[in-house]
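# Any chance you can model this:
(chains A and B)
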Amino acid sequence: MLSDRKSFNSGLVLLLSVSLSFGAQASGEGLQIGLSGTSAVGMGTVGDGTIAKLQAGGHDPKRNGFTVQNIELSLSAAVDPYWDAQSNIVSQISPDGESVFELEEAYFVSRALPLGLQLKGGQFYTEFGRHNPQHPHVWSFVDQPIIASRLLGGDGLRSQGGRLSWLAPLPWMSEFFVALQNANGETTHSFMSSGEQHNHGGEIQAEASFAEFALVDRPVKNAGDLLYSVRWLNGFDVGETLGANLGLSALYGPNNTGYETDTQILGADVFVKWQAQQSHRGFPFVAWHTEIMRRDYLAGDEGNTAHAKLIDVGMFSQLTWGFRQGWVMGLRYEWAQGNEAHAHDALAEEEIDPMRDKRQRMSTNLTYFPSEFSKVRLQYNQDHADHLGGVAHSFWLQIEYTIGAHMAHQF
Amino acid sequence: MRFIQIVITTLSLLTSGIVSAQLNVVTTTQDLAALAQAVGGSHIHAEALTMGTRDPHFAEARPSMIRVVHGADVLVVVGADLEIGWLPAVLRSARNAKVQTGGEGFLDLSEHVALLGKASGPVDRSLGDVHVQGNPHYWLDPQNGLVMARTIADKLIEMDKTHRVDYEANFASFEKTLQTKIKQWHDALSILKGKKIIVYHNSLLYLAKTFGFEIVAEIEPKPGISPSAAHLAKLVSTIKSQDIDLLLMEPYYERRSAEFLQRNTGIQVYVIPQSVGSTSKVTNYIELFDEIVFALRGVK
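Have a look, this model is predicted:
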């Protein structure tokens, strides 16, 4: 893994230099190059080790002090009349001060398939709920929801594969997605993930267990060992000022705590947005985004001494209010819980799994957009978690900018 | 037998909704939909993706837009980067090759009118959100409206040759009405001629050119940037020193800044519709200028 990563880094430098010089020459041919940078500074009432567990998202600010959360280079263009292509290359600086590069997404999408069909292939975010495929620069909070980190992984669920989607000929917008992706890799948490890599004194180590269950070296034998996902997304306009999205998603795939074990994740998501009839640059607005998810994780093959069905449930509900042009206030409530999170019925707090315990978080924030291309955000989090044995408070100040290609205004 | 008949009737009813004889014309703004309807008449169904009550630059790529663009035969856009924040995202998901940029059903009207305010010299975003290709608010010059209608008519004829005669007749009648109206509007707005005027955003450039007024300052210090207290204070002294007596703005901008200037300088503030659909009274392109004239009737 380590050598792969090194060669990827040098490849990345080459790719960057090639693409930038190419972009400068070929801007007339529609190559869009954009870069967004997100950084945060903050302090909590608990130490760095605990903060890193509470802020479990790969792009969350996760230590007292400064965090470069996400520097994202995105390149996109039409390939020819049949395909569009996009790639996002992300770099960030880990809490240990190490620069980390990832090929976050690199995919092609068809432009001209008939019957409302569209094909996507490459490395891409799995279509599960509304939050998972979103990039950090469109988040309404400085950090990702707890339940997303727990079930879909710190970096979001993404992998290599193919996706077919179909726009149904219905009187409202209704789209079905079916995807087949590799279940193994670093960013397939809950499935055959090799585990997130951590840098300990220059040595890269991967977690070798999942919730106390040792990982086995499980080979991919057949199509049954891939990650399957389906999603049904519906969009409605209610009058001229209200829009709503309703989605249902499901994931199914093998996990590597055994040779026969598998994981299933189900989710439902709602997004409703009101925008004033006469709005000044999109303001005022009120948006409500809620997702609920459940994971059934069979850990350890049947017959093994260590064998359990791990069930995790969680939700987040967030309200954002653009009360005047450029100003947004946000409120978020989250709840997550897993069964058997208290290892061996131990009562000591350090024995409680911070990724599965009962936890609630309340967050509130205020965001100011000096222009379309930058924002400043101040956020307060209040955490109640079993493994904390009390309450943790933290404050974060986030600054974000985008340069180059105009980022899409997604609903 | 009877069951089969019912099935066939139902199927034909369903498909008649999908495969209709009318050309499905989708536009990014209500101005373009109104122009398309004027020349397309009963042979087309025109639908706008955004409403005239909102700034089209700040629209969002809504799922409902994907469905509408998916079913489009023709997609007419303002262009010059006005829709850059949302249209590319909609087109990527719409899976309709015909209306992709450069497709036979794609029509960018900014390529057919003479754009003002093209950027000269180096431009970056420290100057605000400058549209490098030129100012995209060109529909506010009625002479451009004529060019736009003609270009849409040509596209409709290209896509639907059987109704060429009707499209030509519709255009001719629109042209006649518009030419008569343009004279009336010029007479009615002659009071604006030579006047120094403040606007909110750099969006009334074409209106200024056609009706002969001069835009001396904007409430926005730079395009897309909100005014600071210092900038407003500077405007107060500009208004006083240059003897500016009129401020024009679109209905969707915040009013606090204009009210501040009015309180401190006594400047006349007029809110004018900038697009079809911006108020319930503006349902077509001719009514847009009728309403602008009506809104400005009290100008001294």
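
# Chain A contacts on the stretch 151-300 of chain B?
Counting by C-beta under 8 Å from any C-beta of the partner chain, the residues of the stretch 151-300 of chain B close to chain A are B:224, B:225, B:226, B:251, B:252, B:253, B:254. C-beta here means a position set from N, CA and C on the backbone, and glycine is covered the same way.

# so the spatially closest residue to residue A:133 that is not a sequence neighbour bridges to which residues?
Leaving aside its sequence neighbours, residue A:133 sits nearest to residue A:125 (C-beta to C-beta, 6 or more residues apart in numbering or on different chains; 4.0 Å). In this structure, residue A:125 has beta-bridge partners residue A:158, where bridges are defined by DSSP bridges.

# rewinding a little: with the residues of the stretch 151-300 of chain B next to chain A in mind, which one is nearest to residue A:397?
Distance ranking of those against residue A:397, using C-beta to C-beta, places residue B:226 first at 21.0 Å.

# neighbour-wise, which of the residues of the stretch 151-300 of chain B next to chain A leads?
Looking at those with neighbours defined as other C-beta atoms under 10 Å in any protein chain shown, the largest count falls to residue B:252 at 24 neighbours.

# which parts of stretch B:178-196 are buried?
Along stretch B:178-196, these residues count as buried under the neighbour rule (16 or more other C-beta atoms under 10 Å in any protein chain shown): B:178, B:181, B:182, B:185, B:186, B:188, B:189, B:192, B:195, B:196.

# What is the end-to-end distance of it?
Length of stretch B:178-196, first residue to last, C-alpha to C-alpha, to the nearest Å: 27 Å.

# Quick one: mean pLDDT for that stretch?
Averaged across stretch B:178-196, the pLDDT comes to 95.

# Give me the contacts around it.
Applying C-beta atoms under 8 Å, 6 or more residues apart in numbering or on different chains, the set of residues contacting stretch B:178-196 from outside is B:142-143, B:145-146, B:149, B:211-214, B:216, B:242-246, B:285-286, B:289-290, B:292-293, B:296-297, B:299.

# among these, which ones are buried?
The neighbour-count test (16+ other C-beta under 10 Å) marks B:142-143, B:145-146, B:149, B:211, B:213, B:244-246, B:285-286, B:289-290, B:292-293, B:296 as buried among the contacts of stretch B:178-196.

# Tell me which of those residues fall in strands.
Restricting these to those inside strands, with DSSP state E as the criterion, leaves residue B:246.

# Once you drop chain neighbours, what's closest to residue A:260?
Here the nearest residue to residue A:260 in space, its sequence neighbours aside, is residue A:301; by C-beta to C-beta, 6+ apart that works out to 5.2 Å.

# Identify the residues contacting that neighbour.
Counting by C-beta under 8 Å, 6+ apart, the residues that residue A:301 touches are A:258, A:259, A:260, A:261, A:307.

# ok, now how distant is it from chain B?
Summarising the geometry, the distance separating residue A:301 from chain B, computed by C-beta to the nearest C-beta, to the nearest Å, is 42 Å.

# Now residue A:62. Nearest residue, chain neighbours left out?
Distances taken as C-beta to C-beta, 6+ apart place residue A:55 nearest to residue A:62, at 4.1 Å, with adjacent residues excluded.

# what residues does the stretch 151-300 of chain A put near chain B?
A:167, A:169, A:172-173, A:175, A:233-237, A:240, A:243, A:245, A:275, A:277-282.

# Out of the residues of the stretch 151-300 of chain B next to chain A, name the two that are farthest from one another.
The largest distance within those, taken as C-beta to C-beta, falls between B:225 and B:251 and amounts to 20.3 Å.

# just to confirm, which helix or strand has residue B:39 in it?
Secondary-structure element containing residue B:39, defined by DSSP states H and E: helix B:30-40.

# just residue B:263 next, same as before
Here residue B:263 sits within helix B:256-265, counting by DSSP H and E.

# Can you tell me what sits against the helix or strand just after that helix?
Under the assignment DSSP H and E, the closest C-terminal helix or strand after helix B:256-265 is strand B:268-271. Defining contact as C-beta under 8 Å, 6+ apart, one finds that strand B:268-271 is touched by B:245-251, B:258-259, B:261-262, B:295-296, B:298-300.

# how about residue 46, what does it touch?
By default, I'm working from chain A. Contacts were defined as C-beta under 8 Å, 6+ apart; by that measure residue A:46 touches A:54, A:388, A:392, A:394.

# that's the other chain; I wanted chain B
Here residue B:46 is in contact with B:25, B:26, B:27, B:33, B:34, B:36, B:37, B:40 (C-beta under 8 Å, 6+ apart).
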